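Chemist: this one's sequence-less:
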């Protein structure tokens, strides 16, 4: 699936699992990257019919409309079992038409205008009221998400504003979408697809989709919704036309991360992400008045990991998540306004060592990340960090006038001292912050680590620019156009103050914007890859964001549960989830 729009908005949630890191002498070149998923086999012939699979979520979400501001990653997890996603992703982020919904889909080739995408819908695909999927559903969703009518409360996912028209094609099962401007990531659109009744008007669209939403065109339908009890139950869709769902029911149960290992041990869950349970384990006896020290946090995390690995009847699955950790440098703060200083910071940190510090204790390979727009293991990924150059951090600082004195460099009587903002309570952030301290000190840069509460990390610090260096994570998307808001040059708002949006580094150039815009509009895959790599090289030279590594994903799965685990980019196939016969 594409990176969750909810997750992209809610960087505060991401900081709960934020990981620290940096960069040092890196070479360019291509890399296949780590294995992209760790999922139990989905042999339908060996999976029995029936049973209830219990799947942990953080909370029963406020809405199942993933395009609403209140949506969360749990909104998307549940919605994907109920609603059409026209394309499925493999573990390298490659999209292929889902035959349950599409008999085919193609776009006019590069150079032919206007770009027209023809969707040929599976004639068997129907909503749970019996009405077929149709151009009306596509039209309503386009208009709701295009931004043309501000009454629709949406975060405006990329691509919809490039559409000129949506209409029925040669028959009721064909939909033609004509674009005003070519859009390379057209496969990201209309997934999930909502019924027209829920998107035609702003009043309908803005209503939260909660327990009263019982329309489905997926393998499951919503059968129970209890926010107070923390349970959203899905049962088999009697009108489902594809492979029958193996499980009779999937119960999504609200279990906070600190309670998940206990719930698994008691046999109350079958599938549970435990990354936060391990990373944010609290040592015994810790209180607000007596917070744990770094050593105690590390030991508590190690104990939680050992417990997760040895829970009876369960297997811990590990894979790189569809998310990545990066270091943001505030280009409007003090010495970091100088690109040479930012480049020196980027060069000072040993990326390989930091990746090992973050991922090694969790049992994952230490693969540093060398691209801002694609992650290691993703189709088209290439390490472009060589564009930063080979000069040592010290040489860059010498040239910029920061001279070495008593171990810490100075200029015009001012020490080169920076503050690193990290999420409070994260063991991995603590561990990698220590690595940063050592590496920057070796270059003559003094570093002070400041911990901020995850629930204020964005609103009080990133949004306001109240930081110099910050460690946090972003979702990784299979569609590079989703990354543009992270790097777009801030433009003056109505009051003349630049609007940073999600570009918390507050830098950017017209050249980078132009390369990303050209890449988004390039329908020739090879030409598009060249533009993406050029843009990434310029981002390395700008040195306001240092990509680090894919975030870890740890998922505990009860033995005998099929088609579950650490999915990475892979789209879960909910109808295959169930209990094996053996």
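Modeler: Great, that's in hand. No experiment lies behind these values; they were computed from the predicted model shown.
Chemist: Can you pull the poorly scored residue ranges out of this protein?
Modeler: Counting by pLDDT under 70, the chain shows low-confidence ranges at 1-35, 289.
Chemist: need the longest strand for it.
Modeler: The single longest strand within the chain, with elements called by DSSP state E, is strand 314-329.
Chemist: Just after it, pick out the following helix or strand.
Modeler: As assigned by DSSP states H and E, the chain's next helix or strand after strand 314-329 is helix 339-348.
Chemist: Which stretches in the stretch 401-550 of the chain count as helices?
Modeler: Listed in chain order, the helices of the stretch 401-550 of the chain (DSSP state H, counting those that start in this stretch) span residues 427-442, 484-487, 510-520, 525-542.
Chemist: Kindly report the domain assignment for this structure.
Modeler: The chain resolves into domains spanning 12-24+320-486+497-553, 59-241 when parsed by automatic domain parsing.
Chemist: Of those domains, flag the one that's most buried.
Modeler: Counting by mean count of other C-beta atoms under 10 Å, domain 12-24+320-486+497-553 has the highest mean neighbour count of the domains of the chain, with a mean of 21. Glycine gets a C-beta too; all of them are placed from N, C-alpha and C.
Chemist: ok, back up a step: turn the helices of the stretch 401-550 of the chain into a markdown table, columns for distance to residue 242.
Modeler: Converted to a markdown table, the helices of the stretch 401-550 of the chain look like this (distance: least, C-beta to C-beta, whole Å):
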| stretch | distance to residue 242 |
| --- | --- |
| helix 427-442 | 40 |
| helix 484-487 | 34 |
| helix 510-520 | 32 |
| helix 525-542 | 29 |
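Chemist: closest one to residue 189 among those helices?
Modeler: Taking C-beta to C-beta, helix 510-520 is the member of these nearest to residue 189, at 12.8 Å.
Chemist: ok now the closest one, how far from the chain's centre?
Modeler: The offset between the C-alpha centroid of helix 510-520 and the centroid of the whole chain comes to 22 Å, using C-alpha atoms, centre = their mean, to the nearest Å.
Chemist: now that helix against helix 525-542, angle please.
Modeler: Using axes from the mean of the first three to the mean of the last three C-alpha atoms, to 10 degrees, the direction of helix 510-520 lies 160 degrees away from that of helix 525-542.
Chemist: Give me the contact list for helix 510-520.
Modeler: By C-beta atoms under 8 Å, 6 or more residues apart in numbering, the residues outside helix 510-520 that reach it are 158, 183-185, 480-481, 483-484, 487-489, 528, 531-532, 534-535, 538-539, 542.
Chemist: ok, now with 10 Å
Modeler: Around helix 510-520, the neighbours that count as contacts under C-beta atoms under 10 Å, 6 or more residues apart in numbering are 158-159, 162, 181-185, 372-373, 479-481, 483-484, 487-489, 491, 509, 527-539, 541-542.
Chemist: ok so, going back, distance to residue 290 for the domains of the chain - can I get that in JSON lines?
Modeler: Putting the domains of the chain into JSON lines (distance: least, C-beta to C-beta, whole Å) gives the following:
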{"stretch": "domain 12-24+320-486+497-553", "distance to residue 290": "14"}
{"stretch": "domain 59-241", "distance to residue 290": "29"}
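Chemist: Figure out which of those domains is closest to residue 46.
Modeler: Taking C-beta to C-beta as the criterion, residue 46 comes closest to domain 59-241 out of the domains of the chain, the separation being 18.8 Å.
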